[in-house]
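Enquirer: Have a look at this fold, sequence not included:
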């Protein structure tokens with residue numbers, strides 16, 4: 001830290017626990033906003049502060065001040081004019097999921113006197129919809145389509161901070177660096193490309209301070225998960241189309257080893273190749289490529305993707321992939337087994353396995369460090385942890401360059417996601433034994449945990465399925481959730497003996 005940034009970092013030792021916008025605090029939003037405003041003034045003036053901002057806020061203020069954002073007078077720059085926006089939107093990869101986001105968020109935002117916003121990866125607002133009255137207020141402060149809300153442009157805000165950190169965040173009142181926005185609250189979550197992992201943009205719900213709701217962050221996070229799921233489904237459709245179009249090229253090899261690759265190098269189909277990585281490096285538009293196991297092949301560009309021809313002389317004997325089971329949805333110790341052999345895991349190793357399972361294409365040391373530790377991540381630390389993990393699980397399970405799992409994976413959290421995508425609500429509940437690695441503070445694991453909980457909760461409540469509701473109520477996530485209990489009581493018929501149990505519990509939850 002240097003310059004003005006040291007003003008923020010210097011207050012973190014004032015109290016043992018930084019302020020968090022809990023539901024209790026938000027019951028009196030005006031008083032909480034006054035407290036945050038006092039902290040904002042104390043920190044930026046360099047005075048001793050009675051409370052420390054949340055770490056995510058402190059770090060964002062540091063970045064914003066380093067970018068010379070003025071807390072006293074700043075409006076976001078206009079990047080796109082009205083005439084340019086249509087073309088930019090049409091070409092953006094989030095355009096196909098906009099109908100889903102509208103269906104999920106706009107009506108809720110409108111009812112709550114909020115607006116839904118979608119940005120690109122640079123923080124430029126491409127779409128904004130919702131309450132007409134709030135849109136008018138937003139126009140006055142530059143919260144409009146075509147403006148830039150990156151941290152370096154307008155300071156701490158949910159959209160810019162979510163893009164900067166790679167995780168969901170809620171920014172409340174004077175947690176905004178720029179004073180103009182102290183009467184606003186916003187919650188945002190980033191969206192990633194399911195094929196490459198690249199950041200695509202962020203979705204945000206913003207509104208006046210007085211209408212804030214503590215559940216908004218969970219709603220935005222769940223909506224981001226749904227949108228990424230739809231992107232994955234659309235990717236699967238494109239993959240299948242590419243396979244059908246180009247399968248004749250693979251068949252023309254007449255049993256010689258080869259594979260069909262996507263334009264980014266993902267393996268879509270293979271013949272007589274033995275074990276292949278999930279992704280092949282395709283930086284060049286053709287020529288010789290080397291696989292991680294030393295085999296060589298030739299890339300032949302196709303209309304979409306590539307045909308990989310492997311040199312048969314170097315083809316190793318095929319061996320079955322190891323079987324990796326991960327049980328991480330419970331309050332107990334995380335459990336992994338490799339081909340039936342139980343492996344004791346530290347929480348950090350469980351976090352790494354979670355992230356690698358969620359990214360089958362693999363992660364670089366830098367990307368894995370960021371997902372594990374945020375901005376404080378160190379790839380050197382990650383490399384050391386991977387070395388220990390490979391010693392435990394075996395080099396055949398955890399591969400390098402990039403780090404990835406080369407095993408048949410059966411993970412309980414992936415089974416829940418798959419069941420929800422198939423609409424198998426009861427099956428999803430049967431797999432869901434509780435939160436994902438509840439003790440983990442890893443930003444990416446926390447995001448997946450909150451997203452999965454919010455998604456299954458929403459699907460179960462909307463299903464009105466008595467067995468699914470009963471099963472979810474029996475978990476730590478559902479037992480004391482008033483909305484889940486109310487839905488269960490409404491769904492159970494009067495003659496069902498479980499209804500009296502649910503009604504008794506509902507009465508205990510009543511204030």
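Expert: Structure's in. What do you need? Quantities reported herein were computed from a predicted structural model and do not represent experimental measurements.

Enquirer: show me what contacts the closest residue to residue 420 other than its chain neighbours?
Expert: Closest residue to residue 420 apart from its sequence neighbours, by CB to CB, 6 or more residues apart in numbering: residue 428 at 4.9 Å. From N, CA and C alone the C-beta is placed, and that goes for glycine too. Under the criterion of CB atoms under 8 Å, 6 or more residues apart in numbering, the contact list for residue 428 reads 416, 419-420, 456, 459, 468.

Enquirer: change it to 7 Å
Expert: The contact partners of residue 428, taken as CB atoms under 7 Å, 6 or more residues apart in numbering, are 416, 419-420, 456.

Enquirer: quick one: which two of these are the most distant?
Expert: 419 and 456 (9.1 Å; CB to CB).

Enquirer: of the two, who's got more company?
Expert: residue 456 (25 against 20; other CB atoms under 10 Å).

Enquirer: Give the other helices and strands that the helix or strand hosting the more buried one contacts.
Expert: Assessed by DSSP states H and E, residue 456 sits inside helix 443-463. Applying 3 or more CB pairs under 7 Å, 6 or more residues apart in numbering; DSSP states H and E, one finds that helix 443-463 contacts helix 216-251, helix 347-358, helix 412-421, helix 425-431, helix 466-473, helix 482-491.

Enquirer: okay, the ones you listed in JSON lines with distance to residue 499 next?
Expert: Below are the helices and strands packed on helix 443-463 laid out as JSON lines (distance: least, CB to CB, whole Å):
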{"stretch": "helix 216-251", "distance to residue 499": "28"}
{"stretch": "helix 347-358", "distance to residue 499": "38"}
{"stretch": "helix 412-421", "distance to residue 499": "26"}
{"stretch": "helix 425-431", "distance to residue 499": "19"}
{"stretch": "helix 466-473", "distance to residue 499": "9"}
{"stretch": "helix 482-491", "distance to residue 499": "7"}
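
Enquirer: Of all the ones you listed, which one is nearest residue 311?
Expert: Among the helices and strands packed on helix 443-463, if distance is taken as CB to CB, the winner is helix 216-251, at 16.3 Å.

Enquirer: Name the residues of the closest one that come out as buried.
Expert: Buried residues in helix 216-251, counted by 16 or more other CB atoms under 10 Å: 216-231, 239, 242, 246, 249-250.

Enquirer: Over to stretch 422-442?
Expert: 425-429, 431-437, 440, 442.

Enquirer: Could you do stretch 255-270 as well?
Expert: By neighbour count on 16+ other CB under 10 Å, the buried set for stretch 255-270 is 257-262, 265-270.

Enquirer: Same question for stretch 119-133.
Expert: Buried, per 16+ other CB under 10 Å, within stretch 119-133: 119-121, 123-131.

Enquirer: Give me the contacts around it.
Expert: Applying CB under 7 Å, 6+ apart, the set of residues contacting stretch 119-133 from outside is 79-80, 85, 88-89, 92, 98, 102, 106, 109-110, 113-118, 135, 144-150, 153, 159-160, 163, 199-202.

Enquirer: Please pull out the lowest mean pLDDT helix or strand from this protein.
Expert: Scoring the helices and strands of the chain by mean pLDDT, DSSP states H and E places helix 5-9 at the bottom, with a mean of 40.

Enquirer: low pLDDT regions in the chain?
Expert: 1-29, 49, 109-112, 211-214, 283-286, 312-319, 331 (pLDDT under 70).

Enquirer: Domains in it, by residue range?
Expert: What automatic domain parsing lists as the domains of the chain is 1-244, 252-314, 323-410, 412-509.

Enquirer: Could you pull up the contacting residues of residue 143?
Expert: Contacts of residue 143 (CB under 7 Å, 6+ apart): residue 206.

Enquirer: Show me which residues of stretch 292-300 are buried.
Expert: 295, 297, 299.

Enquirer: Can you tell me how far the most centrally placed residue in the chain is from residue 121?
Expert: Closest to where the C-alpha atoms of the chain average out (CA atoms, centre = their mean) is residue 447, at 5.3 Å. As judged by CB to CB, to the nearest Å, residue 447 and residue 121 stand 17 Å apart.

Enquirer: all strands for the stretch 151-300 of the chain, in order.
Expert: Per DSSP state E, counting those that start in this stretch, the stretch 151-300 of the chain carries strands over the ranges 169-172, 184-192, 199-208, 258-261, 267-271, 287-290, 296-301.

Enquirer: To residue 328, which of those lies closest?
Expert: strand 184-192 (20.8 Å).

Enquirer: Give the pairing partners of the closest one; include direction for each.
Expert: strand 169-172 (antiparallel), strand 199-208 (antiparallel) (DSSP bridges).

Enquirer: Tell me which of the ones you listed sits most buried.
Expert: For these, average neighbour numbers computed from mean count of other CB atoms under 10 Å are highest in strand 169-172, which has a mean of 28.

Enquirer: Check the offset of that one from the chain's centre.
Expert: Relative to its chain's centre, strand 169-172 lies at 16 Å (CA atoms, centre = their mean, to the nearest Å).

Enquirer: How about residues contacting that strand?
Expert: With contact meaning CB under 7 Å, 6+ apart, strand 169-172 is reached by 21, 36, 56, 156-158, 161-162, 185-188, 212, 216-217.

Enquirer: closest to residue 480 among the residues you listed?
Expert: Nearest to residue 480 among these, counting by CB to CB, is residue 217 at 19.2 Å.

Enquirer: re the thing from before, redo the strands paired with strand 184-192 as JSON lines? Include distance to residue 349.
Expert: As requested, those are exported to JSON lines (distance: least, CB to CB, whole Å):
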{"stretch": "strand 169-172", "distance to residue 349": "27"}
{"stretch": "strand 199-208", "distance to residue 349": "26"}
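
Enquirer: can you tell which of these is closest to residue 276?
Expert: strand 199-208 (27.4 Å).

Enquirer: That closest one vs helix 216-251, what angle?
Expert: Angle between the axes of strand 199-208 and helix 216-251 is 160 degrees (criterion: axes from the mean of the first three to the mean of the last three CA atoms, to 10 degrees).

Enquirer: which residues sit against strand 199-208?
Expert: For strand 199-208, contacts defined as CB under 7 Å, 6+ apart pick out 93-94, 101, 105, 109, 112-121, 134, 143, 158-159, 162-163, 183-193, 216, 220, 223-224.

Enquirer: so how far is that strand off the chain centroid?
Expert: 13 Å.

Enquirer: Stretch 97-117 too?
Expert: Averaged C-alpha coordinates place stretch 97-117 at 19 Å from its chain's average position (CA atoms, centre = their mean).

Enquirer: Report the buried residues of it.
Expert: The neighbour-count check on stretch 97-117 (16+ other CB under 10 Å) flags 97-98, 101-102, 104-106, 108-110, 112-117 as buried.

Enquirer: Which pair of those spans the longest distance?
Expert: Top of the distance list for these (CB to CB): 97 and 113, 24.5 Å.

Enquirer: roughly how far apart are the nearest residue to residue 70 once chain neighbours are set aside and residue 40?
Expert: In space, and not counting its chain neighbours, residue 70 is closest to residue 178: 7.6 Å by CB to CB, 6+ apart. Between residue 178 and residue 40 the computed distance is 10 Å (CB to CB).

Enquirer: Over to residue 194?
Expert: 38 Å.

Enquirer: Which of these two has more residues huddled nearby?
Expert: Legend: neighbour count by other CB under 10 Å for residue 194 and residue 40, higher for residue 40 (22 against 19).

Enquirer: can you confirm the more buried one is in a helix?
Expert: Yes. The assignment for residue 40, made by DSSP: H, G, I helix; E, B strand; the rest coil, places it in a helix.
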